[in-house]
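*Asks:* Need a 3D model of the following:
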Amino acid sequence: MMAQAVRQVRQADVRSGAAYVRAVAPELLVGLSAVLALALALYHLDRRPLWLDEATTYYVSALSWSRLLELLSTGAEGWHPPTYFIALKAWRVFGDSQVALRSFSVLFAVLTVPVIYLITRRLLVSRWVGAVAALVFACNAFAVRYAREARTYSLTMFLAAVAFWLFLRALETGSMRRWLAYAAVALLGIYSHVFFALLVLLHVMAMALPSLRPPSFRAPTIAFALVTLLTLPLVYASIGQTGSLVNWIEPMQWWALAELFYQFAGATPPAVLVYAVALVLALAWMIRSARAESASWLFLLWALVPPLGLAAASLVKPLFVARYLIISLPAITILVAIGITRLPRIPAAMLLGVTLLGMTLVFSGFAISMEYQRPSTPWDRVAQAIHREAGPSEGLVVWSHALKPLAYQVQRLQIEDEMPRVIFPARSWATNPYGTEAGQVTEAARRFASCGFERIWLVGGPRDLSSADDGRRKRISRILTAAYDKQSTSNVGVRLQLFVRTDEPCPG
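*Replies:* Numbering: from 1, shown residues only. Sure, this is the predicted structure:
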């Protein structure tokens, strides 16, 4: 009798334990997804050298606080996102290595995972859909790519998710405090990337939906007015500063939106196909389900309005770049999760959902592996090759796209005193290109102007120097072609050309 009672107690304990596990399983999956996102972002984080934009991040964040604030407020050297650089400046207490700089982006990518869960659970009243959305996001190759890059995009994506969450909470309560919190995060987002304003525009449009109309428009009107008013300094500072920063963007093409989806889905055909199937299933559920009236359609607007808005603007001035629209990526992963989980509760449909989820994870993993293998310029090897081949008495001309990443590697390797002297741009290896001393003419530049170097190395320049596209480069090209002979060309990730002085007079 006693033994039977003990067995019953144990069975009850097992049942209660199983019930507890089932109760917290979605949250456990979210926690595991965050850990997975962290692992995927940290894997070989220092393998790829900093590229041009990341080197810009390094040099801007290395400025003194006074010089940094001056640069951000005036836009004197081109516009830089204040939210990101001010926060990164504080983050540099952890170091300024490649891993330290990039781990700042890793942090915000990981923090986005639980926010996606909270948003989805709030709108769809489903913890499992939110948990699957968090898992899909954690395995998204596009999110992993920008979690591993020392630029503003991961922070901007996180702020987009938080702003969306606060927007929902503010609509529910109508509290002025909630609306002011939303306005604060929206401002941080706009000051992290100007196209964050497209998300704010979406929130304004969303309030036109009957189910999302607030009981009073007073608080949201004040919030959106504050956002608009406090964005004006950014607009003023960026006027006339953005032209040269976006001149590299190709004109808008009709397939740009399809290319954006291709990038968001992982840039591999299998992952794109699975995402497409899941989105079709999500759309089918939204059409047939009355519960989707405000919830899933709001996710669809989140996915579509920023890309369509930027596409429309790009018809006037080319601005359409996939990473600029990373604010819409959480919506895409949520819609994929809806398509996977909102199938009819019949065995065949449930099997399809499990299969789709498995394929999403497998193909996303393949896309992430391709991201790890994405080629990049080995600036560390370029610096080592120049150090090995050239002497400190020789000259070095560095084409603009190569200067910052090369200078970072030279400083990291601590070989500044053993490198050739930089002729163009006129600076020393120890000079921060954003510092107050930047742009000063050095003695090396004067010697070059009088053909005072026996040997000059050209890094990253065109093979045909007649293709120089501005006055300074044309001057350099004229001197090199008139008074120097090209002796050799090698490729160490970028073109490295050696020019040797001739007896020809230096051009005036």
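
*Asks:* what residue ranges in the stretch 51-200 of the chain score low on pLDDT?
*Replies:* Along the stretch 51-200 of the chain, segments meeting pLDDT under 70 span 75-79.

*Asks:* Next secondary structure after the lowest-mean-pLDDT helix or strand in the chain?
*Replies:* When the helices and strands of the chain are compared on mean pLDDT, DSSP states H and E, helix 243-246 comes out lowest with a mean of 64. The helix or strand immediately downstream of helix 243-246 is helix 256-264, counting by DSSP states H and E.

*Asks:* Report the buried residues of the helix or strand following that next one.
*Replies:* Next along the chain after helix 256-264, taking DSSP H and E as the criterion, comes helix 269-288. Buried residues in helix 269-288, defined by neighbour count with 16 or more other C-beta atoms under 10 Å: 270-272, 274-275, 277-279, 281-283, 285-286. For glycine as for every other residue, the C-beta is placed from the backbone atoms N, C-alpha and C.

*Asks:* Repeat that for stretch 116-127.
*Replies:* Judged by neighbour count using 16+ other C-beta under 10 Å, the buried positions of stretch 116-127 are 116-124, 126-127.

*Asks:* Out of the residues you listed, which comes closest to residue 402?
*Replies:* Of all the buried residues of stretch 116-127, residue 402 sits closest to residue 116, with 38.3 Å by C-beta to C-beta.

*Asks:* okay if I get the buried residues of helix 269-288 as TSV plus pLDDT and distance to residue 303?
*Replies:* Below are the buried residues of helix 269-288 laid out as TSV (pLDDT from 0 to 100; distance: C-beta to C-beta, whole Å):
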residue	pLDDT	distance to residue 303
270	94	21
271	95	17
272	95	15
274	96	17
275	97	11
277	95	16
278	95	13
279	95	9
281	93	15
282	92	10
283	91	11
285	87	15
286	86	12
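
*Asks:* what helices or strands is the helix or strand hosting residue 188 leaning on?
*Replies:* Residue 188 is part of helix 176-190, with elements assigned from DSSP H and E. Here helix 176-190 touches helix 153-173, helix 197-206, helix 218-238, going by 3 or more C-beta pairs under 8 Å, 6 or more residues apart in numbering; DSSP states H and E.

*Asks:* and with 6 Å instead?
*Replies:* Contacts defined by 3 or more C-beta pairs under 6 Å, 6 or more residues apart in numbering; DSSP states H and E place helix 176-190 against helix 153-173, helix 218-238.

*Asks:* Dump those helices into JSON lines; add distance to residue 447 and mean neighbour count as well.
*Replies:* Formatted as JSON lines, the helices and strands packed on helix 176-190 follow (distance: least, C-beta to C-beta, whole Å; neighbours: other C-beta atoms under 10 Å):
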{"stretch": "helix 153-173", "distance to residue 447": "42", "mean neighbour count": "24"}
{"stretch": "helix 218-238", "distance to residue 447": "38", "mean neighbour count": "15"}
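
*Asks:* so for stretch 384-397, what's the average pLDDT?
*Replies:* For stretch 384-397, mean pLDDT is 90.

*Asks:* And stretch 221-235, by the same measure?
*Replies:* For stretch 221-235, the per-residue pLDDT values average out at 91.

*Asks:* Break down the stretch 1-150 of the chain into its helices, ranges please.
*Replies:* Counting by DSSP state H, counting those that start in this stretch, the stretch 1-150 of the chain has helices at residues 2-42, 52-61, 65-74, 82-91, 98-124, 127-138, 141-147.

*Asks:* name the element residue 422 belongs to?
*Replies:* strand 421-424.

*Asks:* right, and the helix or strand after that strand?
*Replies:* Assigned by DSSP H and E, the successor of strand 421-424 is helix 443-449.

*Asks:* buried sites along that following helix?
*Replies:* 444-445, 448-449.

*Asks:* Can you dump the C-alpha atoms of that helix in CSV for me?
*Replies:* Extracted in CSV, the C-alpha atoms of helix 443-449 (Å, rounded to 0.1, in the frame of the first residue of the first chain):
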residue,chain,number,x,y,z
GLU,A,443,57.3,67.0,-46.0
ALA,A,444,56.9,63.7,-47.8
ALA,A,445,54.2,65.2,-50.0
ARG,A,446,56.4,68.2,-50.8
ARG,A,447,59.2,65.8,-51.7
PHE,A,448,56.9,63.9,-54.0
ALA,A,449,55.8,67.1,-55.7
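
*Asks:* Show me what that helix packs onto, helices and strands only.
*Replies:* Looks like helix 443-449 contacts strand 421-424 (3+ C-beta pairs under 6 Å, 6+ apart).

*Asks:* Pairing partners for the strand it packs on, with directions?
*Replies:* Strand 421-424 pairs in its sheet with strand 395-398 (parallel), by DSSP bridges.

*Asks:* Could I get the buried residue list for the partner strand?
*Replies:* Using 16+ other C-beta under 10 Å as the test for burial, strand 395-398 gives 395-398.

*Asks:* got the CA positions of the strand holding residue 422 in CSV?
*Replies:* Taking Å, rounded to 0.1, in the frame of the first residue of the first chain, the C-alpha atoms of strand 421-424 are listed here in CSV:
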residue,chain,number,x,y,z
ARG,A,421,56.3,57.5,-45.9
VAL,A,422,52.7,58.3,-47.0
ILE,A,423,52.7,60.9,-49.9
PHE,A,424,49.1,60.9,-50.7
